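**Student:** Have a look at this prediction, sequence included:
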Amino acid sequence: KPAQDAVDLALRAYEDGSLLEEDEGLFTVVVAIVLGMADRDEAMDVIEAMVGRAHRRGSQFGLLAVSLWRGWLHIRRGDLEDAATSLRNALQELEVWHGAAGGDVYAAAHYAQTLLEQGDLDGAWRALAPDLRHQLWTSLEGARWWAAVECELLLASGRAAEALARSEQMRIDCPHVDNP
């Protein structure tokens, strides 16, 4: 029931089109994320509408938001090639934009997750670029997703004790997340 409540609220916020038209991509993407977490097909419809809006307005930020969160949606749907392409685009767009405020952290974490799912452990580790580690403070949620993929990479690399220690640190760093 709580998931359906979140979906209903997201759809209600989105339904009249004003959120899409007034937003550069920061808030509308929350609608796509909520719908994506609920495995609703409408999530991709929101992303496609965001593409149209970004093109109409010439919004570079809107396009990079689309690349980032479209990539995440593709991961959720198991479309790993499309996810990798979209997330590589997001990383390039973020580099050009120079105002990522945490977006780089999200994109790197999602790209690493994609590469991990494709079996490319070395590539996934490289995606968690050391030069981005200093940006983890810019986004609590981005840092949480970074830490989660880092735990998965440690496990996949046969480093269970380090994965356990990292997950314990993640629990301390993210007390707002209750994940049994």
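**Tutor:** Yes, it's here. Numbers count the residues shown, from 1 in each chain.
**Student:** Check which residues of stretch 11-30 are buried.
**Tutor:** Applying a neighbour-count criterion of 16 or more other Cβ atoms under 10 Å, the buried positions in stretch 11-30 are 14, 19-20, 23, 25, 28-30. C-betas here are computed from N, CA, C, even on glycine.
**Student:** Leaving out chain neighbours, which residue sits closest to residue 10?
**Tutor:** Closest residue to residue 10 apart from its sequence neighbours, by Cβ to Cβ, 6 or more residues apart in numbering: residue 34 at 4.1 Å.
**Student:** quick one: which helix or strand includes that neighbour?
**Tutor:** Here residue 34, judged by DSSP states H and E, is contained in helix 28-37.
**Student:** measure the residue of the chain positioned farthest from its centre to residue 154 for me?
**Tutor:** Each residue of the chain has a distance to the centre, and by Cα atoms, centre = their mean the biggest one is for residue 161: 26.7 Å. Distance of residue 161 to residue 154, computed by Cβ to Cβ, to the nearest Å: 9 Å.
**Student:** rewinding a little: what is the nearest of the buried residues of stretch 11-30 to residue 40?
**Tutor:** Taking Cβ to Cβ as the measure, residue 40 lies nearest residue 14 of these, at 11.7 Å.
**Student:** hang on, the earlier thing: quick check, pLDDT for the residue farthest from the centre of the chain.
**Tutor:** Note on residue 161: pLDDT of 97.
**Student:** which residues touch the helix or strand containing it?
**Tutor:** Taking DSSP H and E as the definition, one finds residue 161 inside helix 160-173. With Cβ atoms under 8 Å, 6 or more residues apart in numbering as the contact definition, helix 160-173 has outside contacts at 143-144, 147-148, 150-152, 154-155, 177.
**Student:** Swap in 7 Å and give it another go.
**Tutor:** Defining contact as Cβ atoms under 7 Å, 6 or more residues apart in numbering, one finds that helix 160-173 is touched by 144, 147-148, 150-151, 154-155.
**Student:** One more: stretch 41-55?
**Tutor:** Here stretch 41-55 has contacts from 14, 20-21, 25, 28, 31-32, 35-36, 62-63, 65-66, 69-70, 73, using Cβ under 7 Å, 6+ apart.
**Student:** number of nearby residues for residue 4?
**Tutor:** Other residues lying near residue 4 total 9 when counted by other Cβ atoms under 10 Å.
**Student:** Same question for residue 122.
**Tutor:** Applying other Cβ under 10 Å, we find 9 residues neighbouring residue 122.
**Student:** Which parts of the chain are helices?
**Tutor:** With DSSP state H applied, the chain shows helices at 2-14, 18-22, 28-37, 42-57, 60-77, 80-97, 103-117, 121-127, 130-133, 140-156, 160-173, listed in chain order.
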